[in-house]
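Colleague: Need coordinates for the below:
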Amino acid sequence: MKKNRWYYLQIVLCSLLLLGGCVQTEIIDDVRLVTGIGFDKGEGDKVIGTALIPFFLPDQTVENNTLTTSASPTRDLFNSFQQMSPDPVVTGSVEIVLFGMDFAKEGIYQVLDSLQRDPGVGTKTYLAVVDGKAQEILEGDFGKQGNASFIADMLEHNIKTRDLPKTNMHLFMSDYYQTGKTAYLPLIKKKDDKAVQLNGIALFKDGKVVDKVPRNDMFFFKIMTGDYGEASQRVVLGKNKAMVESIRTKFKKKLVRRNPYEIDVHIKVKGFLPQYTGHHLDQKIINEVERALENQIRSYSGKLVKQFQKKDVDPFGFGHFVKSKTRGFSYKKWKQTDYRNLKVNIMPSVSIVESGVIQ
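Modeller: The predicted model follows:
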């Protein structure tokens, strides 16, 4: 019995040694960590790839180094990066992946397929479309922590406190493969040599950019995609203006009719009124601000819905919602006629819970 136990123990120990030998050890000082990757359209079927590899200086600032090459298919880009580098290039620290607009209009599926198979690219990596070339963004000089961290922090900030819906690689891939919903990504633009700004939202169809939401409409787009944690919006009352801040929303859809389909979208908004440019601020003015913001939400969100119906894109996921509520749902019929004939009733309810100063 003891002999059998020793025999099995020897097998286990040998197995552990063999498994340990299969793991490739990488010392961080001996590799080049890629923190950002960019893809642009090249000649013919080639793709221009740019890898951002930061170099950390003694004063704790970051020098942005890049490798740029072209290849086809996209996986060959990484082989080219290896040939250009004195050390192994690894993707375990990727924070952002950028797609140039010309490339995104032709389709990004080949890149997505490569990225999701790469164990070094995390599902929480940020993806974004560049209004211009991805290479120009990665070769810039933004912030002391490096370009990748700067852009990732900018996107995270706009998700938490501004008008960008929650996004990352996992969420994009989920929408991409979801029946009845259109995938979308942040649209960024190089403002100057020291600044990058969020410029809207790019909408995809069959893996290609087909439409976009301008920066000024992002507030209404985010309201229609889910609950808001924090936001601000300006309201015009004749010659005066008011700023509603600390906006929090609750969002709910209700299917009220079939054949043709009709959906009520209930949006509850609570906010704080810190500024008003008039001479006095009373309950009557507060009520007017509430009604004005309701009208803005109803009008601008309704325009977005009609715009998307004409473009045959559905970032608000009405198709997926109706399918979940309808037995025997035909997605083919939905795409052909039902979505374009869908009636959407935007029903906002705004409540100003506090008020502030008068200017």
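
Colleague: List the buried residues for stretch 220-240?
Modeller: Phe220, Phe221, Lys222, Ile223, Met224, Tyr228, Ala231, Ser232, Gln233, Val235, Asn240 (16 or more other C-beta atoms under 10 Å). Where C-beta positions appear, they are placed from N, C-alpha and C, glycine not excepted.

Colleague: Check the offset of the longest helix seen in the chain from the chain's centre.
Modeller: When the chain is scanned for its longest helix (criterion: DSSP state H), the result is helix 283-311. From the chain centre to the centre of helix 283-311 is a distance of 24 Å (C-alpha atoms, centre = their mean, to the nearest Å).

Colleague: tell me what it is packed against?
Modeller: Helix 283-311 is packed against strand 195-205, strand 208-214, helix 218-223, strand 233-237, strand 240-257, strand 262-276, helix 339-341, strand 343-358, with contacts defined by 3 or more C-beta pairs under 8 Å, 6 or more residues apart in numbering; DSSP states H and E.

Colleague: ranking these by burial, who's on top?
Modeller: The highest average neighbour count among the helices and strands packed on helix 283-311, using mean count of other C-beta atoms under 10 Å, belongs to helix 218-223 at a mean of 23.

Colleague: Does anything pack onto it? Which helices or strands?
Modeller: Judged by 3+ C-beta pairs under 8 Å, 6+ apart, helix 218-223 is in contact with strand 195-205, helix 283-311.

Colleague: after the lowest-mean-pLDDT helix or strand in the chain comes which helix or strand?
Modeller: For the chain, using mean pLDDT, DSSP states H and E, the weakest element among its helices and strands is helix 2-22, scoring a mean of 53. Using DSSP states H and E, the helix or strand that follows helix 2-22 in sequence is strand 32-33.

Colleague: what does the helix or strand following that next one rub up against?
Modeller: Downstream of strand 32-33, the next assigned helix or strand under DSSP H and E is strand 36-41. Residues outside strand 36-41 that contact it (C-beta atoms under 8 Å, 6 or more residues apart in numbering): 47-52, 74, 91, 94-100, 102-103, 106, 108, 111, 130, 133-135, 137-138, 147-148, 151.

Colleague: Return the subset of the residues you listed lying in strands.
Modeller: Val47, Ile48, Gly49, Thr50, Ala51, Leu52, Ile96, Val97, Leu98, Phe99, Gly100, Val130 (DSSP state E).

Colleague: Leu155: which of the helices and strands packed on helix 283-311 is closest?
Modeller: strand 195-205 (7.5 Å; C-beta to C-beta).

Colleague: mean confidence score for that closest one?
Modeller: The average pLDDT for strand 195-205 rounds to 95.

Colleague: re earlier: give me the distance from the next helix or strand after the longest helix of the chain to the chain's centre.
Modeller: Using DSSP H and E, the helix or strand that follows helix 283-311 in sequence is helix 318-325. Mean C-alpha position of helix 318-325 versus that of the full chain (C-alpha atoms, centre = their mean) differs by 22 Å.

Colleague: so what secondary structure elements neighbour helix 318-325?
Modeller: Judged by 3+ C-beta pairs under 8 Å, 6+ apart, the packing partners of helix 318-325 are strand 240-257, strand 262-276.

Colleague: With distance to Gln82 added, can I get the ones you listed in TSV?
Modeller: Shown next, in TSV, are the helices and strands packed on helix 318-325 (distance: least, C-beta to C-beta, whole Å):
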stretch	distance to Gln82
strand 240-257	47
strand 262-276	50
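
Colleague: Turn those strands into a markdown table, including mean pLDDT and distance to Leu198.
Modeller: Converted to a markdown table, those look like this (pLDDT from 0 to 100; distance: least, C-beta to C-beta, whole Å):
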| stretch | mean pLDDT | distance to Leu198 |
| --- | --- | --- |
| strand 240-257 | 92 | 18 |
| strand 262-276 | 94 | 22 |
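
Colleague: The host helix or strand of Ile159 versus strand 36-41: what angle between them?
Modeller: Using DSSP H and E, Ile159 sits within helix 147-161. Helix 147-161 runs at 90 degrees relative to strand 36-41, counting by axes from the mean of the first three to the mean of the last three C-alpha atoms, to 10 degrees.

Colleague: Please pull up the helix or strand immediately following helix 147-161.
Modeller: helix 169-177.

Colleague: before we move on, back to that, would you turn the helices and strands packed on helix 283-311 into JSON lines with distance to Gly36?
Modeller: Converted to JSON lines, the helices and strands packed on helix 283-311 look like this (distance: least, C-beta to C-beta, whole Å):
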{"stretch": "strand 195-205", "distance to Gly36": "12"}
{"stretch": "strand 208-214", "distance to Gly36": "20"}
{"stretch": "helix 218-223", "distance to Gly36": "23"}
{"stretch": "strand 233-237", "distance to Gly36": "32"}
{"stretch": "strand 240-257", "distance to Gly36": "32"}
{"stretch": "strand 262-276", "distance to Gly36": "36"}
{"stretch": "helix 339-341", "distance to Gly36": "36"}
{"stretch": "strand 343-358", "distance to Gly36": "38"}
